[in-house]
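>>> Model the following, please.
(3 chains)
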Amino acid sequence: MMLALQMYRSLPRHLAGRAVGDRLPGILSGYAAPLRLVTIEEPTVERPGWARLRTRLSGVCGSDLGALSGRTSRYFSGLVSMPFVPGHEVVADLLDDCEDLAAGTRVVIDPVLACAARGVEPCEACDDGLTNRCSRVTVGHLSPGLQTGFCADTGGGWGETLTAHRSQLHPVPEGLSDEQAILVEPIACAVHTALRARVEDNARVLVSGAGSVGLLTTMALRSLTPAGEITVVAKYAHQRELALQLGATEVVSPDEVLRRLRRSTGAFAVLPEHSAPYLLGGVDIAVDAVGSKGSLETALNTTRAGGRVVLSGMPAAADLSAAWFRELQVIGSYSSARREPGDRSAFDIATELVTGDVVAQLAKGVASYPLHRWREALDHAHGAGRLGSIKVAFDPSRKG
Amino acid sequence: MRKWAQEGLEDVRRVADGWRWGRRSQVPRSAEPFVPARQSTVFHTDWARTRAAQVAREVAQKGALEPLFRSQVRTSVEGLDVLAGLEGPVIFAANHASHLDTPLILLSLPTRWRRRTAVAAAADYFFDTWWRAVGSSIVFNTFPIERRGGTMATTPGEVLADGWSLVIFPEGTRSPDGFVGRFQFGAAYLATQHQVPVIPIAHRGTFAAMPRGQGWPSPGRRRLTVRFGEPLRPGSDESPREFAPRIRDAVAALLDEDRSTWWEARRRAADGATHDPAGPDTAQWRRVWEQTATVPAPEAGPRRAWPD
Amino acid sequence: MSRPGFVLEVDDRTPPLVVHEGLGFRLEDFPPGTRVIYPPESLPAIDDVDAAIREALLNPVDADPLPTKLFAGMRLTIAFDDISLPLPPMRAPDIRQRIIEAVLTMAADAGVDDVKIIAANALHRRMTPAELKQIVGERVFRSFHPQGDLYNHDAEDRDDLLHIGMTDKGEDVEINRRAAESDLLVYVNVNLVAMDGGHKSVPIGLASYKSLRQHHNPATMVASHSFMDHTKSHLHHSAWRMGRLLKDHLDIFQIETTLNNDVFGAPYDFLLKREWEWSVRDQASMLAVRRGLGAAPRRLRHKLFHDLRSPYGLTGINAGDTEAVHERTIAMVHRQQLTEVQGQTDVLVMGVPYLGPYNVNSSMNPILATCMGLGYYFNSYRGQPVVRRGGAVILYHPLDEGFNQLHHPSYVDFYEEILAESTDPAVIAEKYEQQFATDPWYVHLYRTSHAYHGVHPFYMWYWAAHAMDHVEEVIWVGADRRVAQRLGFRAASTLSDALEMASGAVGTSPTISYLHNPPHLIADVR
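Numbering: from 1, shown residues only, chains lettered A, B, ... in the order given. As a prediction, the model looks like this:
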């Protein structure tokens, strides 16, 4: 038996969260969250290639909060199996030997449950190493679930133990703290986003948002691409500092962003009636690193004609007129692939990036909570930007 | 809302403090050279002759002033019959010795006349502060005149033209010793200008009862006498300069009459031997001494059953 | 009879004094010994304005009577000062309307057909039709505006600018083409303060950006001591050189008017009186106005103030040759505004009111407030500044009005982008002026919307530069701390706090002067 946080089906809570979650985030950590602390059977290993892991640290991601508040599109309801233990950003110790990895090895997991983990013949995408595009995430010997942490069978990081397939495991190099290691998965996503953006030489890039996704994407863009000016939209002073350290050229506040980009790109502004102003002209590439309507529209409205808008956060419904009128390329960026351009895995690249000084400093801002203080933790995660934490995580082994 | 009210109170407090409410406002020393020569305060008294003010005045005079006045002094009034054949307006010209003069004259007048009579008062004294101005306007129906010449809000001529009779003290100020001073031309000027009759009035005893510098009548219910004289009508081409002495003479004759008898006074007047109301040229104390002598009870008339 | 201006020395008999601060005012207790500089009281106005206008047009100074210059078939252009004058705007009828009507009457009598009327707004925002109408009056507006014969000058319209030549100092003189090619240019001016008028009218009001930048730059503007004294202002020297050059190419008939100090009508007239002379009624109106403003939301306060129209009286009108006319004008302005002050002090206190030349019907953003305090008011001196070099300036303004996006788009960027980096005028000019001046978007907004030119905020900053250079410390009382910080200044909540903060520069018992303004005044510091 083990202690775990479990997400379950509750229509009233779902609707309540959806109705007021935006305005009263507090309600999510209170009554409306369809989440409970339970004692359940530990997941068991029945097939080769699988092993049990004991969670050391598991992060709270924006998509977790979205799911809890019911803001996530119903699109994804077919891709999960209830009830499940959330947590897809996981640092854990192997409890069993797993092929070449010995028990006790500290690993991070790539959460995508692709063909290999499901015991089916590789689909076209998996064959190419683009595991995040796997088309078999609902079939095979596992319940449907796009990732660990959304699947009823594997358990997730928000429980004491979970199971994972060898194809998901990446050993953590010596010398990295758990707090750094927990950032490997988000960095891998940021790496994937940066590479998906196919940044040209000296291209002007906007990163809308300076939460962990925005900051890590900024770092990835600066480290891996030949981007020119990178403008980051940040709300809070400490985010501003971090963004500059991670490679931003300038950091602007949300209400300044349109004017600043207009000035720096020499664009013309249009002030439509009863609608948000936008630019004719603007940046070459914009990354929405928030996933809110406002942030996505900022990205759409400030990108030059023919430019690229990368959806890094799970997107909200937004006005797509600009995409049509400005002939924008709207590019999705979901999770990370085992073979990125350059033939390396995003996790390998991320494991290198995570050793940097700035990330080490970032890792000090990881706040960890024991499972039973989950309401506090979620509340903290909601206000992470304001409170100056880069990441909120659960440490199931902590008791107090 | 509370904050707003508190700020309001704070403002009022600062203004009350800064502008010395209830006291005289002050000019910063360095600004004194720039204070303009003091203009007469223009105080509008038209409101004091409106219907509402008349009602208020009636209440004030009958309800408060008269009982108070009678409680402090005794009066005897003579010669009111001169008013019988007259239509207003007229100018009442009286000698001036005390602040009691005005209530004495007003309260001596028949009601019909009293209600239509206004009192000319020195602008620099009675209209100096708003509260004194308002008070005297309500109770005595005063309007401001300039002792030293200057602009006025309402001219006495306008008041006359509106049908109001005027009480004017031609001396322009209260006598320092009870004797009559020099008559200025104001009353005479108005009378000749507007061709209204002047009724001379002489009164005695007010100086004794409440001289200059005293704020309340002396104890003992002093006796005051007031005597109205025959109306004087200015000739159509008579100048104020000629008319003014006639007024003074008439007042002097009335004073004489009050002191002696009508007949004796007429005789002396005919001889041109009326006592000069300016009094004897003696030491100041003797003048005051004489004026503060108690006015004897009138000898004429039926004997009183009970001496008072 | 109006009394001259004078310097009050605050003593124990002095009541609290009015200090303007944005959309409101406060009562301030100044420390004893503070000098308070009051402007002269409002001069008596001319009763028969129309007769005075006729007289000026028929008997001009050093010029032929206007009717003799008018003939059938000629090109006549009438230019007039824009909405930045007077402040607050004048109660209808505006003096410009009455003069333009008089000029047009004479032109109609002479059979002139080709007449254009141009607002000399230089790099200021274009005025709306309603604003034009307010200035020129309904009759002129109806006769000229629909056909496009009454319009705003456009300093960026290459087709409508004419390069006249260079001054002997190599300054480009380029002005409105229509004006330059007219047989007669009549300029109708309102000389509210001493810096207006003279050769500032045509060479600046109708100039192109190319011509304006010859003197609107930090070097010239920092060296203009002060703008209110054209004999000592480098900016005016340049304008004068240009004006003299223009005079050889163009017949200019300058009409200058001066107004008295009747800035506030009832019930705000107490603001024009010396406080210790306030009657009970004045005190009551003051309290009522304070409470009213205290209860009103900002939008309403903004509306209340910006709807004020001043009952100005005309004190003088002169027409004819620019320089001869201006001499008379300046004499009259000085009569109305000059107050003699003995010596400098350590601290200068000024209240920045709700209105300056560049926020009529708009908002007093932090840059304009700075310009109003450190530019406009600080420079209101003759001789030497009221405050000594290395002293302190204390200003009153909440700095909370934000930016009007329609009128001041480049100001926002200047504030957010440039001031965040540097507040040094020289650095700013070097790095950013050209970027802003040539930004096609700002140019577009200036030409087609109602925006100040992209470069305009730089001029505001340069204007304040003389003061920033001159004093050690600038402190805003009652201001938003973050805004003051962005501007490179400090904020205090009360006067005593501000004096405390200034003590580093001026010691603990400094001498203080308070410029009791508005109405406008010029301190003649001996």
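>>> Close to chain A: what parts of chain C are there?
Proximity of chain C to chain A, by Cβ under 8 Å from any Cβ of the partner chain, involves residues C:409, C:412-413, C:416-417, C:435, C:439-441, C:444. Every residue, glycine included, has its C-beta placed from N, CA and C.
>>> Just to be sure, which of those are found in helices?
C:409, C:412-413, C:435, C:440-441, C:444 (DSSP state H).
>>> what about the residue of the stretch 1-150 of chain C with the smallest separation from chain B, which SS state?
Taking Cβ to the nearest Cβ, chain B has its nearest neighbour within the stretch 1-150 of chain C at C:Pro15, 3.4 Å off. Under DSSP: H, G, I helix; E, B strand; the rest coil, C:Pro15 falls in the coil class.
>>> which helices and strands does the helix ranked longest in chain B pack with?
Determined from DSSP H, the single longest helix within chain B is helix B:240-259. When contacts are defined as 3 or more Cβ pairs under 8 Å, 6 or more residues apart in numbering or on different chains; DSSP states H and E, helix B:240-259 packs onto strand B:91-94, helix B:186-194, strand B:198-204, strand B:222-228, helix B:262-271.
>>> Could you check how far it is from the centre of its chain?
17 Å (Cα atoms, centre = their mean, to the nearest Å).
>>> Could you list the low-pLDDT ranges of chain A?
A:13, A:16-32, A:400 (pLDDT under 70).
>>> Which residues of it lie near chain C?
With Cβ under 8 Å from any Cβ as the criterion, chain A meets chain C at residues A:252, A:256, A:259-260, A:262-263, A:266-269.
>>> again, only using 10 Å
A:250, A:252-253, A:255-256, A:259-260, A:262-264, A:266-269, A:271, A:277, A:279-281 (Cβ under 10 Å from any Cβ of the partner chain).
>>> Narrow the residues you listed to those that are buried.
Buried residues within the residues of chain A next to chain C, defined by neighbour count using 16 or more other Cβ atoms under 10 Å in any protein chain shown: A:250, A:252, A:256, A:259-260, A:262-264, A:267-269, A:279, A:281.
>>> Can you tell me which of the residues you listed lies closest to chain B?
A:Glu256 (32.6 Å).
>>> Tell me how far the closest residue to that closest one other than its chain neighbours lies from A:Phe268.
Spatial nearest neighbour of A:Glu256, excluding adjacent residues (Cβ to Cβ, 6 or more residues apart in numbering or on different chains): C:Glu416 at 5.2 Å. Using Cβ to Cβ, to the nearest Å, we find C:Glu416 at a distance of 19 Å from A:Phe268.
>>> next one: A:Gly307
Taken as Cβ to Cβ, the span from A:Gly307 to A:Phe268 is 15 Å.
>>> same check, this time on C:Val186
Taken as Cβ to Cβ, the span from C:Val186 to A:Phe268 is 38 Å.
>>> A:Pro86 now?
A:Pro86 is 45 Å from A:Phe268, by Cβ to Cβ.
>>> gap between stretch B:224-241 and the chain center?
16 Å.
>>> Report the buried residues of that stretch.
B:224-229, B:231-232, B:234, B:240.
>>> returning to what we had before: with distance to B:Trp47 and mean pLDDT as added columns, please give the helices and strands packed on helix B:240-259 in TSV.
What follows is the helices and strands packed on helix B:240-259, written out as TSV (distance: least, Cβ to Cβ, whole Å; pLDDT from 0 to 100):
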stretch	distance to B:Trp47	mean pLDDT
strand B:91-94	23	92
helix B:186-194	22	85
strand B:198-204	27	91
strand B:222-228	29	89
helix B:262-271	42	84
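>>> Mind checking these for the one nearest to A:Arg386?
For A:Arg386, the closest of the helices and strands packed on helix B:240-259 is helix B:186-194, at 83.9 Å, according to Cβ to Cβ.
>>> Just name whatever secondary elements the closest one is in contact with.
Applying 3 or more Cβ pairs under 10 Å, 6 or more residues apart in numbering or on different chains; DSSP states H and E, one finds that helix B:186-194 makes contact with strand B:91-94, strand B:117-122, helix B:156-161, strand B:165-168, strand B:198-204, helix B:240-259.
>>> what's the spacing between the third one and its chain's center?
What that stands for is helix B:156-161. Taking Cα atoms, centre = their mean, the mean C-alpha location of helix B:156-161 is offset from the chain mean by 17 Å.
>>> Counting by contacts, list what it packs against.
If you count contacts as 3+ Cβ pairs under 10 Å, 6+ apart, helix B:156-161 packs onto strand B:117-122, strand B:142-145, strand B:165-168, helix B:186-194.
>>> Could you dump those into JSON lines with mean neighbour count and distance to B:Glu10 added?
Converted to JSON lines, the helices and strands packed on helix B:156-161 look like this (neighbours: other Cβ atoms under 10 Å in any protein chain shown; distance: least, Cβ to Cβ, whole Å):
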{"stretch": "strand B:117-122", "mean neighbour count": "22", "distance to B:Glu10": "39"}
{"stretch": "strand B:142-145", "mean neighbour count": "27", "distance to B:Glu10": "37"}
{"stretch": "strand B:165-168", "mean neighbour count": "25", "distance to B:Glu10": "48"}
{"stretch": "helix B:186-194", "mean neighbour count": "22", "distance to B:Glu10": "50"}
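>>> I'd like the ones you listed laid out as CSV, including distance to B:Ser30.
Formatted as CSV, those follow (distance: least, Cβ to Cβ, whole Å):
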stretch, distance to B:Ser30
strand B:117-122, 32
strand B:142-145, 32
strand B:165-168, 43
helix B:186-194, 40
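>>> So which of the ones you listed is nearest C:His124?
Among the helices and strands packed on helix B:156-161, strand B:142-145 comes nearest to C:His124, with 54.1 Å by Cβ to Cβ.
>>> Quickly check: the closest one near chain C or not.
No: on the criterion Cβ under 10 Å from any Cβ, strand B:142-145 is out of touch with chain C, staying 17.3 Å away.
>>> Give me the helices and strands touching that strand, please.
Using 3+ Cβ pairs under 10 Å, 6+ apart, strand B:142-145 sits against strand B:117-122, helix B:123-126, helix B:130-140, helix B:156-161, strand B:165-168.
>>> coming back round to it: please name the residues that touch the residue of the stretch 1-150 of chain C closest to chain B.
Taking Cβ atoms under 10 Å, 6 or more residues apart in numbering or on different chains, we find C:Pro15 in contact with B:14-15, B:17-20, B:25-26, B:28, C:27, C:29, C:274-278, C:283.
>>> Now it. Nearest residue, chain neighbours left out?
Nearest residue to C:Pro15, sequence neighbours excluded (Cβ to Cβ, 6+ apart): B:Gly18, at 3.4 Å.
>>> try C:Val474
C:Phe489 (4.4 Å).
>>> quick one, helices of the stretch 51-200 of chain A?
A:62-69, A:115-118, A:124-127, A:178-181, A:184-196 (DSSP state H, counting those that start in this stretch).
>>> Reformat those helices into JSON lines and put mean neighbour count next to each item.
Below are these laid out as JSON lines (neighbours: other Cβ atoms under 10 Å in any protein chain shown):
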{"stretch": "helix A:62-69", "mean neighbour count": "23"}
{"stretch": "helix A:115-118", "mean neighbour count": "23"}
{"stretch": "helix A:124-127", "mean neighbour count": "16"}
{"stretch": "helix A:178-181", "mean neighbour count": "22"}
{"stretch": "helix A:184-196", "mean neighbour count": "27"}
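>>> Just send those helices back as TSV, with distance to chain B too.
Supplementary listing: the helices of the stretch 51-200 of chain A in TSV, determined by distance: least, Cβ to the nearest Cβ, whole Å:
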stretch	distance to chain B
helix A:62-69	37
helix A:115-118	65
helix A:124-127	65
helix A:178-181	48
helix A:184-196	48
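>>> Can you name the residue of the stretch 151-300 of chain A nearest to chain B?
A:Asp255 (29.0 Å).
>>> So that residue is in contact with C:Glu416, correct?
Yes: contact criterion Cβ atoms under 10 Å: A:Asp255 and C:Glu416 qualify, at 9.2 Å.
>>> sec struct for the residue in chain A sticking out farthest from the centre, please.
Largest separation from the mean C-alpha position in chain A: A:Glu273, at 35.2 Å (Cα atoms, centre = their mean). Under three-state DSSP, A:Glu273 falls in the coil class.
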